[in-house]
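Chemist: return atomic coordinates for the entry below.
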Amino acid sequence: MEDILDLEDMPLSITPYEDIAACAMAMDCISDMDDALMSREDAALIQEIRTMVLKIVHTGIKEIYEANFYEGDD
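Modeler: Numbering: from 1, shown residues only. This next block holds a predicted model:
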């Protein structure tokens, strides 16, 4: 599972906005699912999706921030 969640080397789409939008749609799909009513395997899958979404959103927001506010050491 660690290799799935290692997103540092994974390129994002052309724009991080598309990745963030896709993550929002993924979270919307699983938002009303109750972990208590699922099997352990399904609950683990939902938790894995949440973890991946958070990492992708973090990476996308970081890219947007750096593109807008980065001041290089000239």
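Chemist: what bits of the protein have low per-residue confidence?
Modeler: Low-confidence segments of the chain (pLDDT under 70): 1-14, 71-74.
Chemist: one more time with 50
Modeler: Applying pLDDT under 50 to the chain flags residues 1, 12, 74.
Chemist: identify the residue spatially nearest to residue 47, adjacent ones excluded.
Modeler: residue 35 (7.8 Å; CB to CB, 6 or more residues apart in numbering). All C-beta spots, glycine's among them, are computed from the backbone N, C-alpha and C.
Chemist: give the contact list for that neighbour.
Modeler: 43, 46, 47 (CB atoms under 8 Å, 6 or more residues apart in numbering).
Chemist: what about the second one, how many residues close to it?
Modeler: What that stands for is residue 46. Per other CB atoms under 10 Å, the neighbour tally for residue 46 reads 16.
Chemist: so it is in contact with residue 33, correct?
Modeler: Yes. The criterion here is CB atoms under 8 Å, and residue 46 meets it with residue 33 at 5.9 Å.
Chemist: residue 16: how many residues sit nearby?
Modeler: Residue 16 has 19 nearby residues by other CB under 10 Å.
Chemist: what does residue 56 give?
Modeler: 19.
Chemist: just checking, what packs against the helix or strand that contains it?
Modeler: In the assignment (DSSP states H and E), residue 56 maps to helix 40-69. Judged by 3 or more CB pairs under 8 Å, 6 or more residues apart in numbering; DSSP states H and E, the packing partners of helix 40-69 are helix 2-5, helix 16-30.
Chemist: report the central residue of the protein.
Modeler: Residue closest to the average C-alpha location in the chain (CA atoms, centre = their mean): residue 53, at 2.3 Å.
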